[in-house]
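Asker: below is the structure, and that's it, no one-letter string:
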Ligand SMILES: NC(=O)C1=CN([C@@H]2O[C@H](COP(=O)(O)OP(=O)(O)OC[C@H]3O[C@@H](n4cnc5c(N)ncnc54)[C@H](O)[C@@H]3O)[C@@H](O)[C@H]2O)C=CC1
Ligand SMILES: O=C(O)C(=O)Cc1ccc(O)cc1
């Protein structure tokens, strides 16, 4: 008999997991359930799932794998509702939520009923939402954190990893509290900061409309994540409150230090502040996937002249190199602009690099 997978919340992450499972387990029957029926229908139409369920209860009791892929507060609710159902004894329940400590605490109700719950968090994604943005390769090379409790048998953990093999992610086992501290530093605090910078710009733009015109380039790059789903981030902040409160205190302290640097205006201190940050950032791994946009990028200097973009794309098309994205990062009058070309594979990026160099373009692999 075909094994059945139920995905509750068929959005960006639920949809991407469904695609990855289908790739590795083509015989599995994947059922989607989503509060947003239109989104669920879209997922079925795009063959991301095999069927859209009207209620999750009737499907949950016959599923071998249940994946909770809704916002983290909803994950908690679903854990309680699942605990009241006669689930298959061998079924595995997992989630993809961005926080782990509270979810693992709540999952005790499932364990008390003899069910197997293994917390999970694929550390890749995007500011985009919904099934329409789901990608089979979203998690390739990304870290996929799992938080099994000590009573989970190794066999069950391996079974879950096997279900998720098609993600081609690197599985890492962590304690939920450590997970929340680490993701607080690298993901949750940066989201709060990005939103706060955008709000500061908005308040200045109310006084001077030129602020809005000029909020491009670097500003857009560092605030991309502020375009993420507000409901998802509201829930994440509620769940990771204690880590975030201590991280915000550290950030305020850092801003006091920055203020002193600016006040004192000491050349060496200012230089060292930026140089230390650059050194550390440049040393971070560039290949690790963290977002849909972070594919294999190539940067090309181009003169701001008419037809330049079609010239570049024609050269690549002639070499049969496929582009996944193209964006002008900066285009000022009479000076160089920078074109960011994104490719799906390292090989395509290398081919494009060779092709453009042969045609006298200046290119960069990292910026
Ligand atoms: N967006 C990202 O980059 C990442 C998100 N996550 C986590 O994945 C989860 C899902 O996020 P996304 O897929 O990005 O969001 P999404 O907004 O694309 O999808 C979530 C889906 O869940 C549905 N939903 C909400 N409440 C529901 C309920 N009670 N029952 C059934 N469906 C419900 C929504 O209608 C929506 O279609 C969240 O817990 C998030 O923290 C984890 C890694 C990355
Ligand atoms: O868009 C981005 O770069 C992200 O930060 C994606 C993301 C969002 C939430 C997560 O829990 C993990 C990754």
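Answerer: Sure thing, it's come through. Keep in mind that this is a model prediction, so the values were computed, not measured. Ligands and ions are numbered 1, 2, ... in the order given.

Asker: interface residues of this protein facing ligand 1?
Answerer: Contact residues, the chain versus ligand 1 (CB under 6 Å from any ligand atom): 8-14, 33-36, 39, 69-72, 74, 96-98, 121-122, 125-126, 129-130, 229, 232, 236. The C-beta positions use only the backbone N, C-alpha and C, and glycine is treated the same way.

Asker: who touches stretch 227-235?
Answerer: 71-74, 98, 126-127, 129, 191, 195 (CB atoms under 8 Å, 6 or more residues apart in numbering).

Asker: rerun that using 10 Å as the cut-off
Answerer: Residues outside stretch 227-235 that contact it (CB atoms under 10 Å, 6 or more residues apart in numbering) are 11-13, 70-76, 97-99, 125-130, 188, 191-192, 194-195, 198, 220, 225-226, 236.

Asker: the residue nearest to residue 88 when sequence neighbours are not counted: what's it in contact with?
Answerer: Of all residues not flanking residue 88 in the chain, residue 64 sits nearest, at 6.5 Å (CB to CB, 6 or more residues apart in numbering). By CB under 10 Å, 6+ apart, the residues touching residue 64 are 1-6, 28-29, 88, 90-92, 159, 163.

Asker: number of residues surrounding the closest residue to residue 344 other than its chain neighbours?
Answerer: Leaving aside its chain neighbours, residue 344 sits nearest to residue 324 (5.3 Å; criterion: CB to CB, 6+ apart). Residue 324 has 15 neighbouring residues, counting by other CB atoms under 10 Å.

Asker: again with residue 8
Answerer: 26.

Asker: can you pull the phi/psi pair for it?
Answerer: The phi/psi pair for residue 8 (degrees, to the nearest 10) reads phi -100, psi 110.

Asker: bridging residues for it?
Answerer: residue 33, residue 68 (DSSP bridges).

Asker: what's the pLDDT at it?
Answerer: With respect to pLDDT, residue 8 scores 98.

Asker: which residues touch it?
Answerer: Residues counted as contacts of residue 8 (CB under 10 Å, 6+ apart) are 14, 31-35, 53, 56, 59-60, 66-70, 74-75, 78, 81-82, 93, 95.

Asker: among the residues of the chain next to ligand 1, which are located in strands?
Answerer: Cross-referencing the residues of the chain next to ligand 1 against strands under DSSP state E gives 8, 33, 121-122.

Asker: hmm, which two among these are most spread apart?
Answerer: Largest separation among those by CB to CB: 33 and 121, giving 20.6 Å.

Asker: and the strands in the stretch 101-250 of the chain?
Answerer: Under the criterion DSSP state E, counting those that start in this stretch, the stretch 101-250 of the chain carries strands at the ranges 116-122, 143-147, 170-173.

Asker: quick check, pLDDT for the residue in the stretch 101-250 of the chain positioned nearest to ligand 1.
Answerer: Going by CB to the nearest ligand atom, ligand 1 is nearest to residue 125 of the stretch 101-250 of the chain, at 1.7 Å. On pLDDT, residue 125 comes in at 92.

Asker: now residue 353
Answerer: pLDDT, residue 353: 94.

Asker: what about it, how many neighbours?
Answerer: Count around residue 353 with other CB under 10 Å applied: 19.

Asker: now swap in residue 29 and tell me
Answerer: 18.

Asker: that one and residue 18 touch, don't they?
Answerer: No. In this structure, residue 29 is not within contact of residue 18 by CB atoms under 10 Å, at 11.2 Å.

Asker: what touches both of the two?
Answerer: Common neighbours of residue 29 and residue 18 (criterion: CB under 10 Å, 6+ apart): 5, 49-50.

Asker: circling back to that earlier point, how many neighbouring residues does the residue of the stretch 101-250 of the chain closest to ligand 1 have?
Answerer: Residues lying near residue 125 (other CB under 10 Å) number 25.

Asker: for it, give its distance to residue 38.
Answerer: Relative to residue 38, residue 125 is positioned 21 Å away (CB to CB, to the nearest Å).

Asker: how about residue 244?
Answerer: On the measure of CB to CB, residue 244 and residue 38 end up 33 Å apart.

Asker: more crowded one of these two?
Answerer: More crowded of residue 244 and residue 38, by other CB under 10 Å: residue 244, with 21 against 10.

Asker: report the contact partners of residue 6.
Answerer: 29-33, 49, 53, 56, 59-68, 82, 91, 93.

Asker: can you turn the buried part of these into a PyMOL selection?
Answerer: Buried residues within the contacts of residue 6, by 16 or more other CB atoms under 10 Å, are selected in PyMOL with:
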select buried, resi 29+30+31+32+33+49+53+56+59+60+63+64+65+66+67+68+82+91+93
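
Asker: and the contacts of residue 6, which of them are in strands?
Answerer: The strands, defined by DSSP E, take in 29-33, 65-68, 93 from the contacts of residue 6.

Asker: okay if I get those as TSV plus distance to ligand 2 and pLDDT?
Answerer: Output for these, formatted as TSV (distance: CB to the nearest ligand atom, whole Å; pLDDT from 0 to 100):
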residue	distance to ligand 2	pLDDT
29	28	98
30	22	98
31	24	98
32	21	98
33	21	98
65	21	98
66	20	98
67	15	98
68	14	98
93	19	98
